[in-house]
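*Asks:* sequence? don't have it. structure:
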């Protein structure tokens, strides 16, 4: 006889804040609120945490924000600190890039699979006394003068404030009546994780291969693994590790072992930025607020920076109410973070343009410009700050 499933935890009737979404941004948001003494519940429709590596790059400003929640040290110990990058073409070094001049305590980009990042954040949240309630899909929410009602098949929660961290197709955004303009890009990619191989001493470097057929990106991960991202002529419905390995070797000359593949995915690129990030007692963070191209690894980091700005404002609303001053501060948050998302989207667009197939004369001009930038100290440091999101902090 099969053992009965344990009873699912009941939803609380009332809380200060309901965070919808238990991805890395939702978990971090809840940590900040819980450690500020706010009664918070996290509602997540997935029954189990994610197992894929997915997003891997944590940038210096986000590490500084995560440090305020006491998790940066644990993340750094688990990850790979990328302190150097380089652009190559046809086996030739075009431009080196070093991150030592990036301001702050974390002059590097940390590479860590998203599942590990979420595990660290979930452990920290549990230490603060909060465990996400899983299998809760929000169907409806509506505002009243004193709070927000959140309804699901599991029951209803009344919260004084709701934060939507539920991804690009956000239920919270839709229920709040917030529109979001979408721009589709022609760029498509395949990515996969493979056993690492010697890259001529660059085993802890990020490498961009700006090849004639399109960019190939390569990033080290913990455990002797490397992430490969390849621009493709069209969206691959069913990518294979063998085909990806062949593309990498054909374009770069680097051989990778398809038998060791541990993650494989294809994706297209879109930009989606919410018309506003705040509506009364509802606010958006992360992909619910702004979806930008994964090329450059900005999305998850933008969400953490959103949360770092929003959490103190929401804590004040819980303690003092939603008066005129609090409303103005929330609106200012929305406008500032929306501008940050627009800057990030422009940077992502530049990143994609650099990696698109180019005729030989145009590629030569691009390569020469990158070489000159890398050789000039001031411009080199400015580029390093842009690529590590230091300009968006």
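*Replies:* Here it is on my side, so go on. Nothing here was measured: the structure is a model prediction, and the numbers come from that model.

*Asks:* domain assignment for this structure?
*Replies:* Domain ranges of the chain: 14-56+113-179+275-353, 184-269+355-392, per automatic domain parsing.

*Asks:* okay, residue 294: pLDDT?
*Replies:* Here the pLDDT value assigned to residue 294 is 86.

*Asks:* quick one: contacts for the closest residue in space to it that isn't next to it in sequence?
*Replies:* In space, and not counting its chain neighbours, residue 294 is closest to residue 267: 6.8 Å by C-beta to C-beta, 6 or more residues apart in numbering. Quick note: C-beta positions are derived from backbone N, CA and C, even for glycine. Neighbouring residues of residue 267 by C-beta atoms under 8 Å, 6 or more residues apart in numbering: 188, 189, 191, 235, 294.

*Asks:* what pLDDT does residue 267 get?
*Replies:* The model's pLDDT for residue 267 equals 94.

*Asks:* again, but for residue 154
*Replies:* So, for residue 154, pLDDT stands at 91.

*Asks:* ok, now residue 53?
*Replies:* 64.

*Asks:* which residues in this protein form helices?
*Replies:* Ranges of helices in the chain, per DSSP state H, are 24-35, 60-68, 72-78, 114-127, 171-175, 241-252, 299-320, 324-354, 360-375, 377-387.

*Asks:* Least confident of the ones you listed, on average?
*Replies:* Among the helices of the chain, helix 377-387 scores lowest, with a mean of 86.

*Asks:* buried stuff in that one?
*Replies:* 380, 381, 383, 384, 385, 386, 387 (16 or more other C-beta atoms under 10 Å).

*Asks:* if we look at that helix, which residues are touching it?
*Replies:* For helix 377-387, the surrounding residues in contact (C-beta under 8 Å, 6+ apart) are 85, 97-99, 101-103, 296, 347, 372-374, 390-391.

*Asks:* try it again with 10 Å
*Replies:* Outside helix 377-387, the residues that touch it by C-beta atoms under 10 Å, 6 or more residues apart in numbering are 59-60, 84-85, 95-103, 107, 109, 206, 296-298, 343, 347, 350-351, 370, 372-374, 376, 390-393.

*Asks:* From those, which land in strands?
*Replies:* Per DSSP state E, strands hold the following members of those: 84, 85, 95, 96, 97, 98, 109, 206.

*Asks:* what sits against the fifth one?
*Replies:* The contact partners of residue 97, taken as C-beta under 10 Å, 6+ apart, are 83-87, 205-206, 208, 370, 373-374, 380-381, 383-384, 387-388.

*Asks:* How about the third one?
*Replies:* Residues in contact with residue 95 (C-beta under 10 Å, 6+ apart) are 85-89, 208, 210, 367, 369-375, 380, 383.

*Asks:* Can I have the buried ones of those residues as a ChimeraX selection?
*Replies:* In ChimeraX, this line selects whichever of the contacts of residue 95 come out buried by 16+ other C-beta under 10 Å:
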select :85,86,87,88,89,208,210,367,370,374,380,383
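
*Asks:* so where's the stretch 51-200 of the chain shaky on pLDDT?
*Replies:* The model of the stretch 51-200 of the chain has pLDDT under 70 over residues 53, 197-200.

*Asks:* 90 - rerun?
*Replies:* 51-54, 90, 100-101, 103, 145-146, 196-200 (pLDDT under 90).

*Asks:* before we move on, back to that, show me just the buried residues among the contacts of helix 377-387.
*Replies:* Neighbour counting by 16+ other C-beta under 10 Å classes 59-60, 84-85, 95, 97-99, 102, 107, 109, 206, 296-298, 343, 347, 351, 370, 374, 390, 392-393 among the contacts of helix 377-387 as buried.

*Asks:* what about residue 64, neighbour count?
*Replies:* By the measure other C-beta atoms under 10 Å, the count of residues near residue 64 is 19.

*Asks:* what's the burial count for the closest residue to it other than its chain neighbours?
*Replies:* Distances taken as C-beta to C-beta, 6+ apart put residue 104 closest to residue 64, at 5.5 Å, once the chain neighbours are dropped. By other C-beta under 10 Å, the residues close to residue 104 number 13.

*Asks:* Could you double-check that residue 104 lies in contact with residue 72?
*Replies:* No: contact criterion C-beta atoms under 10 Å: residue 104 and residue 72 do not qualify, at 11.0 Å.

*Asks:* Give the residues shared as contacts by those two.
*Replies:* Counting by C-beta under 10 Å, 6+ apart, the residues touching both residue 104 and residue 72 are 63, 64.

*Asks:* Counting neighbours, what do you get for the residue nearest to residue 216 when sequence neighbours are not counted?
*Replies:* Spatial nearest neighbour of residue 216, chain neighbours left out: residue 209 (4.1 Å); criterion: C-beta to C-beta, 6+ apart. Residue 209 has 25 neighbouring residues, counting by other C-beta under 10 Å.

*Asks:* show me what contacts residue 209?
*Replies:* Contacts of residue 209 (C-beta under 10 Å, 6+ apart): 86-91, 94, 215-218, 228, 230, 248, 251-254, 355.
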